[in-house]
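J.: Make a model of this:
(one chain, ligands or ions: 1)
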Amino acid sequence: MIRVRTAMEAVPAYVAGRQGSFADAVNQDLTQLASNESPFPPLPSVLAAIAGAATDVNRYPDIDGLLLRARLADLHGVDVDQIVLGCGSIEVCRQAVTIAADPDSEVVHAWPTFPEYATITALAGARARRVPLVEARHDVEAMAEAVTEQTRVVFVCNPNNPTGTALTRAELVTLVEAVPSWCLVVVDEAYADFADPREFGSALELLGLHQNLLVLRTFSKAYGLAGLRVGYGVADVEVASLLLRARIPFGVSSIALAAAVASIDAGPELAARVATVRTERDRMATQLTGLGWEIPSSQANFLWIAMGEAQATAAARRCAESRIVVRRSPGGVRVTIGTEEENGRLLDALGSPADLPSTRSAAP
Ligand SMILES: Cc1ncc(COP(=O)(O)O)c(C=O)c1O
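T.: Numbering: from 1, shown residues only. You can find the predicted model right below:
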């Protein structure tokens, strides 16, 4: 056996939403409600861009992804040098911890939240300070109090995975203002497109005021390109230039770059799909609540159903028997919003809490 870094002892294996191979999923005709993907196939215009880019794959992609960065800069009204790309936004998360965290420094994040923050922190040899959610929401005051001289990064998942809850604009401002300017605040807005703009305040609005802010977005969710792996961050130019130094060179493929640009071009069509998902989400929340399930208000493309361990195990098994994959997460089960038909299947499979063992846990 090789000798490995001591820090590896604290690094958990990645647990995918969908277990088993992709071929299994196709062969078994699974209803995939475990990974918060888009239920819609790629748009014809995006497929055409993918086919066009495929003819050049004997060449490396544009290392700077300039065309896509210019389009994103336009979209968000920022300078092109403020945009960094990654092989999924997950790569930009890694860049953030890589540039900021020394071994033995600290990274603050809520719990439960996107588990990759903990993994990336452990990989860097840094320590995670988990701040428990309160009533499935970020505890802004406790997050601010958890920041010490050793803290290098604060992750804020907004809307939060797995609970779907979002900070109000005022809460976000309070948190960002409470963190010292030498500490990087990463606001992960992977699900922001599904949030109600009247209630949800994007951290993009705060960029000009805080040079320690990094806002993450992805093409994997609302844009439906999870299989192509492209995400991005928006930050102050100095932070962005540091992140660039930590990137995987050529980490975003030419096909992903072309598909992302075509997806920005298809903005109105994709916005209509997002609106459909939001309508379905609200319908599902009403139906599930009517059946007796407890669901925090979700601003994302998934719902989090509070359950105790035994109940969650039984619920996931029951869904699996109907060939529906859902995601177990601490204190409950997370279900992605699929098509109307898929969601109907989920409702039938899940039934009501009275049909399942009732051990409701207090977390999160
Ligand atoms: C909160 C959050 N951030 C980031 C990601 C990763 O997205 P990407 O596919 O862009 O790497 C996910 C994926 O599920 C997520 O839930």
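
J.: Could you list which residues are in contact with the residue of the chain found nearest the ligand?
T.: Ranking the residues of the chain by distance to the ligand (CB to the nearest ligand atom) places G88 first, at 2.5 Å. (Each C-beta comes from the backbone N, C-alpha and C, glycine too.) Each residue near G88 by CB atoms under 8 Å, 6 or more residues apart in numbering is listed here: T218, S220, R229, V230, G231.

J.: ditto for A226
T.: So A226 contacts S35, E37, S38, S220 (CB under 8 Å, 6+ apart).

J.: Which is the succeeding secondary structure element to the helix ranked longest in the chain?
T.: In the chain, with assignment by DSSP state H, the single longest helix is helix 267-291. Reading on from helix 267-291 to the C-terminus, the next helix or strand found by DSSP states H and E is strand 302-306.

J.: Measure how that next one sits relative to helix 267-291, angle-wise.
T.: Angle, strand 302-306 to helix 267-291, by axes from the mean of the first three to the mean of the last three CA atoms, to 10 degrees: 20 degrees.

J.: and strand 302-306, how far out from the chain's middle?
T.: 15 Å (CA atoms, centre = their mean, to the nearest Å).

J.: Check which helices and strands that strand is in contact with.
T.: Counting contacts by 3 or more CB pairs under 8 Å, 6 or more residues apart in numbering; DSSP states H and E, strand 302-306 packs against helix 267-291, strand 332-336.

J.: Leaving out the residues flanking it, which one is nearest to G164?
T.: S298 (2.9 Å; CB to CB, 6 or more residues apart in numbering).

J.: ok, G201 touching R169?
T.: Yes: G201 is in contact with R169 according to CB atoms under 8 Å; the separation is 2.9 Å.

J.: who's more crowded, these two?
T.: Neighbour count, other CB atoms under 10 Å: between G201 and R169, G201 has more, with 20 against 16.

J.: tell me which parts of the stretch 151-300 of the chain are close to the ligand?
T.: When proximity is defined as CB under 6 Å from any ligand atom, the stretch 151-300 of the chain approaches the ligand at C157, N161, D188, A190, T218, S220, A226, G231.

J.: What is the most widely separated pair among the residues you listed?
T.: By the measure CB to CB, C157 and A226 form the most distant pair in those, at 17.3 Å.

J.: could you check the distance from S89 over to P159?
T.: 14 Å (CB to CB, to the nearest Å).

J.: Which of those two has more residues huddled nearby?
T.: S89 (26 against 23).

J.: hang on, the more buried one packs against A190?
T.: Yes: counting by CB under 8 Å, S89 touches A190, with 5.9 Å between them.

J.: Okay, helices next: where are they in the stretch 101-250 of the chain?
T.: For the stretch 101-250 of the chain, applying DSSP state H, counting those that start in this stretch gives helices covering 116-123, 140-146, 169-178, 237-245.

J.: Go through the last one and flag the buried ones.
T.: Neighbour counts over helix 237-245 (16 or more other CB atoms under 10 Å) mark V239, A240, L242, L243 as buried.

J.: again, but for the first one
T.: By neighbour count on 16+ other CB under 10 Å, the buried set for helix 116-123 is E116, Y117, A118, T119, I120, T121, A122, L123.

J.: now for that helix, which elements pack on it?
T.: Taking 3+ CB pairs under 8 Å, 6+ apart as the contact cut, helix 116-123 packs with helix 89-100, strand 106-111, strand 127-132, strand 151-157.

J.: report the angle between the axes of it and strand 106-111?
T.: Relative orientation of helix 116-123 versus strand 106-111 (the same axes, to 10 degrees): 150 degrees.

J.: pLDDT of helix 116-123, averaged?
T.: The pLDDT scores in helix 116-123 average 97.

J.: same check, this time on stretch 214-229
T.: Computed over stretch 214-229, the average pLDDT equals 98.

J.: and it, how far from the chain's centre?
T.: Stretch 214-229 has its C-alpha centroid displaced from the chain centroid by 8 Å (CA atoms, centre = their mean).

J.: Domain parsing of the protein, as residue ranges.
T.: When the chain is parsed with automatic domain parsing, its domains come out as 15-41+268-355, 44-265.

J.: what mean pLDDT does the shortest one have?
T.: Spelled out, it's domain 15-41+268-355. Domain 15-41+268-355 carries an average pLDDT of 91.

J.: end to end, how far does that domain reach?
T.: End-to-end distance for domain 15-41+268-355, by CA to CA, to the nearest Å: 28 Å.

J.: For stretch 193-203, measure first residue to last.
T.: Using CA to CA, the two ends of stretch 193-203 sit 13 Å apart.

J.: which other residues reach that stretch?
T.: Stretch 193-203 is contacted from outside by 156, 158-159, 166-170, 172-173, 176, 185, 187, 189, 192, 213, 215, 221-222, 274, 277-278, 281, 299-301, using CB under 8 Å, 6+ apart.

J.: Pull out the buried residues from those residues.
T.: In the contacts of stretch 193-203, burial by neighbour count holds for 156, 158-159, 166-167, 169, 172-173, 176, 185, 187, 189, 192, 213, 215, 221-222, 274, 277-278, 281, 299-301, counting by 16+ other CB under 10 Å.

J.: Find the nearest non-adjacent residue to V234, please.
T.: Excluding the flanking residues, the one nearest V234 by CB to CB, 6+ apart is V215, at 4.8 Å.

J.: unless I'm mixing things up, the one you found is touching A235, no?
T.: Yes: between V215 and A235 a contact is recorded at 7.2 Å, counting by CB under 8 Å.
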